[in-house]
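A.B. asks: Fold the stuff below for me.
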Amino acid sequence: SKKKGCTTSKKHKARVALNIFITNLNSEHLPLEQVRSLYRLRWQIELVFKVWKSVVNIDKVKKVKTQRLETILYSKLIMIMINWNIMWEITKSIWQQHKKMISPIKFFKTLKSLTYKSWMAFKEGCNSLAEFIMQLNCMSIKNHILEKRKGQLSAVEIQIVFCVKQNLH
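C.D. replies: I've put the predicted structure just below:
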């Protein structure tokens, strides 16, 4: 509202502040204080599918024979998994050094714009690929940092807290 120059009523603020979580688990299996954190992790999964659809266009396929459709789908999924692994290695590195996360959607948009360059790096071999990943790492530190909301835990922090509480080290 502030960015658009509008004012927000107290009634609207009261409604926006309300969160309702519905689960069929009892408090023995999922303590009440962990419900919100678990739903935030679930939302991270939704964001993964958003990346798949909006950046990778996994849902856009022309009418083709079944075998061709399977080939296209498998190739897109393989590409997603390779890129996802690269992103997580970079994310772990940046997390260890700076305690910051990478935005998957920002990262995948950059990778999409660098498709030819990444293909050439794969084609040329290990040295080229290592150099390309180092460039991605530098780009990620500058351009892909996930904006942290004040007073809220990141997805990684939620996972750490959840695992510690559940003794899942």
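
A.B. asks: show me the contacts for the residue nearest the centre of the chain.
C.D. replies: Nearest to the geometric centre of the chain sits Pro104, at 3.9 Å (C-alpha atoms, centre = their mean). Pro104 makes contacts with 47-48, 51, 87, as judged by C-beta atoms under 8 Å, 6 or more residues apart in numbering. Just so you know, the C-beta spots here come from the backbone N, C-alpha and C atoms, and that holds for glycine as well.

A.B. asks: any idea of the pLDDT on it?
C.D. replies: Pro104 carries a pLDDT value of 85.

A.B. asks: mind checking how far it is from His144?
C.D. replies: Going from Pro104 to His144 by C-beta to C-beta, to the nearest Å gives 9 Å.

A.B. asks: Any regions of this protein where pLDDT drops low?
C.D. replies: The chain contains residues with pLDDT under 70 at 1, 153-169.

A.B. asks: What is the subsequent helix or strand relative to the lengthiest helix in it?
C.D. replies: When the chain is parsed with DSSP state H, its longest helix is helix 66-98. Per DSSP states H and E, the first helix or strand lying C-terminal to helix 66-98 is helix 104-113.
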